[in-house]
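1. coords below, sequence missing:
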């Protein structure tokens, strides 16, 4: 921060009539810096509308913009809506809709369900095994 800005800030905070320096200690205005001060005063921004802005534009708050664009969680409202209705679609209809929305790529296809094989039962009964044992080994 420059010394002149600091002096101006202190002048604003002082009570009127207290911060004035005696005549001998006041800086002279007719020195080489006087021309620079005149130039600065001329270049000071005028109180008026800024020419660089679009006509009629309103400056928006960054906080308001953030709240507008902040993602909103609709989960609770969606769950209430979905659970409100008790109508359940036919399974064949849902499968048909899912099949229509699926792509043709292999990654879009559901995994193939493998059919569970039933354990194969034996053709022979316990009586057949006993009969075979008697014939083969000669036991009664």
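-> Okay, I see it. This is a predicted model, so every value here is computed, not measured. Numbers count the residues shown, from 1 in each chain.
2. how far away is residue 4 from residue 130?
-> Distance check for residue 4 against residue 130: by C-beta to C-beta, to the nearest Å, it reads 119 Å. C-beta here means a position set from N, CA and C on the backbone, and glycine is covered the same way.
3. try residue 58
-> The separation that residue 58 has from residue 130, given C-beta to C-beta, amounts to 101 Å.
4. Please identify which of these two sits among more neighbours.
-> Shown here are residue 58 and residue 130; by other C-beta atoms under 10 Å, residue 130 has more neighbours (11 against 5).
5. so where does that one fall, helix or strand?
-> In this assignment (DSSP states H and E), residue 130 forms part of helix 126-137.
6. what's the distance between that helix and the middle of its chain?
-> Relative to the centre of its chain, helix 126-137 is centred 77 Å away, using C-alpha atoms, centre = their mean, to the nearest Å.
7. Give the burial count for residue 86, as a bare number.
-> Taking other C-beta under 10 Å as the neighbour definition, residue 86 ends up with a count of 5.
8. Then residue 133?
-> Other residues lying near residue 133 total 12 when counted by other C-beta under 10 Å.
9. pLDDT score assigned to it?
-> With respect to pLDDT, residue 133 has a value of 88.
10. what separates it from residue 55, distance-wise?
-> Per C-beta to C-beta, residue 133 is found 109 Å from residue 55.
11. helices and strands around the helix or strand encompassing residue 35, which ones?
-> Assigned by DSSP H and E, residue 35 falls within helix 34-43. Contact analysis of helix 34-43 by 3 or more C-beta pairs under 8 Å, 6 or more residues apart in numbering; DSSP states H and E lists no helix or strand as a packing neighbour.
12. Make 23 the first number, not 1, from now on.
-> Got it, the first residue is 23 from now on, which makes the last one we talked about helix 56-65.
13. Tell me how far that helix lies from the chain's centre.
-> Centroid separation for helix 56-65 versus its chain: 49 Å, with C-alpha atoms, centre = their mean.
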